[in-house]
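# Just need the structure, nothing else, for what follows:
(2 chains)
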Amino acid sequence: MCMFGFLPATFASGIPASLPALLALRAEPLAHLRSLDIVVIALYFAMVLWIGFYLKGRSNTGEDFFMAGREMTAWIAGLSFVSANLGSLELMGWAGSAYQYGILAVNWYWIGAIPAMLFLGLMMMPFYYVCKTHSVPGYLDLRYGGEARSVAAVAFAMEMILMSGVNMFAMAVVMKVVLGWDLNFSIIVSSLAVAAYVGLGGLRSAIFNEVMQFVLIWGGALLVPILGLVQAGGWTGLKAKILTNLGSDSYFHIWRDTGSFAANPMGVHWTGIVFGLGFVISFGYWTTDFLVVQRVLAAHNLRAARMAPIIASFFKMAVPFIVILPGLLGLVLLQNPDGSRRVLVGEDVVAACSSGAGGVQDPSGCSAAMAKTTLPADYQQKVLSGAPNAELHTYNQALPLMMVRYMGPGLLGLGITALIAGFMSGMAGNVSAFSTVWTYDIYRPLIHKTGSDSHYVLVGRLSILIGVAISIGAAYLVQQFHGIMDYVQALFSIFVAPLLAVILFGMFWKRATRMAGFLGLFLGIVFSAGLFIWVKFNPAALATVALSPDAKPMAENVFRALWAFLFASIVLILVTLVTKPRPLAELDGLVYGATILPKEEPVPFYKNEWAWATVVFVIFVALNIIFW
Amino acid sequence: MHGSGIPIWFFIGVLLIFYGVMIFGYGVYEWSTAIYPLGVQLTNLHTPVWWGVLLSLLGLLYVIKFRPGRARK
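Take a look at the predicted model:
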């Protein structure tokens, strides 16, 4: 899935209004697939479906279907955990973001993920795992009661299924722009494949495929930075070229220029990055979003459940190599057909310059939009006159353009397979999590309490089909009413911060009460949605929400999350102080200080989660110092 | 994973071998005929050849190590 708060501005706020407009462009597809590429892609689909059929016989009980039998090793749970997050829109979005903002974008992979992943593994997994919950709303049910569970379950279910539809549409647009594929073809084929393999094999099938997709993403995308570095003359050569071409070394610093909003192109301040992104959004996503937590709950024992996020954090730290680096390389290596440096632009510019039969439809609008870019004047004239080969490409096309630059037949198929795999792993994550939340947190407690295990498995399978159908419906709805995308993508960011507050207090404060959990979550969501709507209808409010007139939409995401977290925390604390707490004995397995964790067998240091977490943390700190 | 099923790593190994062999085969054809795809850079490095070999070897490693029926420690 795509974390709204984690997405670069280009996708977080760029897709909704302008991506659909790209469909109107006359531009040729970026790439043309050969027979070998088609075979590579077809083989991937065949393998994915075969795995679904193969695992069908092992998904007959609720525990098997929804929790993959709780038998995953730390490696499989960990790779699945990180893969469910590695969607193709994220890959392309962050490559585009690196092209725009430089290495500053890496914060969303490092401080925006690593501390939270380590915290989940070391501090939170024991409680999630020991209470044997099926889901995050299930934990809320055990800790606070049915009211908080119902709010979280409905919000999760809506968010997952609608996000799945939005991503499906966005991916279909990408396939249209990159390959010229028909929108309906992309939507139907990919969603049917996901419905088939998740519906047949349940969470086990989703996890298996996510691990395979993770390997394919690396196998397909790794060549781009390797060959790019060869051509750019290594890291030193890349830095020198960027300095020469762009005259700024801020592309290589992740902290140095964050002392003020105006000093960096992202318009963010280090406080927003550290507290908003590094704490609220990051911890909210990685420790409470059921889409990712479900993968770790499927681990075969507590140690594996704790190790899984730590293993995942190693790979998360490495992902910028295949995402951020291609964006930076694109800055100096991408070329127009005449050999000049290709300058990428935002979706709004491309949309403003959309052309009809007689050239650019709105020359003055196009001219004004291009004037804000660094496009050379002669190239702007070519675009306005509709000259052949004078096409505009967006930031988000940086990764596909780099792929086309280095990958011939076969390899290009592998690269495209990596993008499709990224999309499908995200969608499978959404529908498998939706199925569990719907069945265990909505259908069973609220609609049909006394069904048999096989009945709930059947409901789970049907909910996958229905979930995919709703996703397809949402995709077509977005195609008709583009503005909906804004609201759907905001669901996650509105929901996650209050949920984090409620779960953290529930897990680490014995005193937190049932009513406090419910009100903290509910009012927190209302507050967060209020902030979103305020800025939506009064853009000037951004300066208030993000504490600076120089703030940009990215800053709004992080600061809104921070305020919503604080608001939900205050509500929870105040309500707790005036309501009666639960007896300590009822909190066993749910709260720190009231739980006796199962004793684990001593293991050598190289199998110990604390030892590996220390290694990850040291590398994390070192990377931040190196790229300061 | 645990249990009696085929490990996911085996499936991955099989797929990587297929991909590796196909890409390697195309790379050899490309090298021997010197007909390179238009617009692709650094063709002198013969990337499909060594990347195909790498994928095949990795796949082979997975297939051997995680083949069905192999006793688990």
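# Just give me how far the longest helix seen in chain B sits from the chain centre.
Taking DSSP state H as the criterion, chain B has its longest helix at helix B:8-33. Centroid displacement of helix B:8-33 relative to its chain, using CA atoms, centre = their mean, to the nearest Å, is 4 Å.
# any idea of the mean pLDDT for it?
When pLDDT is averaged over helix B:8-33, the result is 93.
# Does chain A have contacts with the next helix or strand after it?
As assigned by DSSP states H and E, the chain's next helix or strand after helix B:8-33 is helix B:47-65. Yes. Interface with chain A: helix B:47-65 contributes B:47-48, B:51-52, B:55 (CB under 8 Å from any CB of the partner chain). The C-beta positions use only the backbone N, C-alpha and C, and glycine is treated the same way.
# got the angle between helix B:47-65 and helix B:8-33?
In terms of direction (axes from the mean of the first three to the mean of the last three CA atoms, to 10 degrees), helix B:47-65 departs from helix B:8-33 by 150 degrees.
# Show residues contacting helix B:47-65.
Contact partners of helix B:47-65, identified using CB atoms under 8 Å, 6 or more residues apart in numbering or on different chains, comprise A:219, A:223, A:227, A:406-408, A:410-411, B:9-10, B:12-28, B:30-31.
# hmm, 7 Å instead?
Under the criterion CB atoms under 7 Å, 6 or more residues apart in numbering or on different chains, residues A:219, A:223, A:227, A:408, A:410-411, B:9-10, B:12-14, B:16-17, B:19-21, B:23-24, B:26-28, B:30-31 lie in contact with helix B:47-65.
# List only those of these flagged as buried.
A:219, A:223, A:227, A:408, A:410-411, B:9-10, B:12-13, B:16-17, B:19-20, B:23-24, B:26-27, B:30 (16 or more other CB atoms under 10 Å in any protein chain shown).
# what comes up buried for the longest helix anywhere in chain A?
Across chain A, the longest stretch assigned as helix under DSSP H is helix A:183-221. By neighbour count on 16+ other CB under 10 Å, the buried set for helix A:183-221 is A:183, A:186-187, A:189-191, A:193-221.
# check those residues against chain B, which are close?
A:208, A:211-212, A:215, A:219 (CB under 7 Å from any CB of the partner chain).
# check contacts around the residue in the stretch 151-300 of chain A that chain B sits nearest to.
In the stretch 151-300 of chain A, the residue that lies nearest chain B is A:Phe208 (4.6 Å; CB to the nearest CB). Residues near A:Phe208 by CB under 7 Å, 6+ apart: A:51, A:55, B:8.
# swap in A:Ile494?
Neighbours of A:Ile494 in contact, by CB under 7 Å, 6+ apart: A:525, A:528-529, A:532.
# Return the distance of the helix or strand where it lies from the chain's centre.
Assigned by DSSP H and E, A:Ile494 belongs to helix A:484-508. Distance of helix A:484-508 from the chain centroid (CA atoms, centre = their mean) equals 14 Å.
# could you flag which of the contacts of A:Phe208 are buried?
So, by 16+ other CB under 10 Å, the buried ones in the contacts of A:Phe208 are A:51, A:55, B:8.
# so can I have JSON lines of those showing distance to A:Thr236?
Putting the buried ones among the contacts of A:Phe208 into JSON lines (distance: CB to CB, whole Å) gives the following:
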{"residue": "A:Ile51", "distance to A:Thr236": "44"}
{"residue": "A:Leu55", "distance to A:Thr236": "48"}
{"residue": "B:Ile8", "distance to A:Thr236": "40"}
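# And these, which is closest to A:Trp75?
B:Ile8 (9.9 Å; CB to CB).
# Surely A:Gly524 touches A:Ala568?
Yes. The pair A:Gly524 / A:Ala568 is scored as a contact, 2.9 Å apart, by CB atoms under 7 Å.
# Give me every residue in chain B lying close to chain A.
Close to chain A, as judged by CB under 7 Å from any CB, chain B has residues B:1-3, B:5, B:8, B:11-12, B:15, B:18-19, B:22-23, B:26, B:37, B:40-42, B:47-48, B:51, B:55.
# Show me just the buried residues among the residues you listed.
Looks like these have B:1, B:5, B:8, B:11-12, B:15, B:18-19, B:22-23, B:26, B:37, B:40-41, B:47-48, B:51, B:55 buried, using 16+ other CB under 10 Å.
# circling back: which one of the contacts of A:Ile494 sits closest to chain B?
A:Ile525 (36.9 Å).
# Just list the residues touching A:Phe315, thanks.
A:Phe315 touches A:Val82, counting by CB under 7 Å, 6+ apart.
# Now do the same for it: its pLDDT.
Reading off the model, A:Phe315 has pLDDT 93.
# cool, and A:Leu25?
pLDDT, read off for A:Leu25, is 50.
# Same question for A:Ala312.
pLDDT at A:Ala312 comes out at 94.
# which parts of the one helix or strand it maps to are buried?
Secondary structure from DSSP H and E places A:Ala312 in helix A:302-318. Neighbour counts over helix A:302-318 (16+ other CB under 10 Å) mark A:302-317 as buried.
# Equivalent analysis for stretch A:41-59, please.
In stretch A:41-59, counting by 16+ other CB under 10 Å, buried: A:41, A:43-45, A:47-49, A:51-52, A:54-56, A:58-59.
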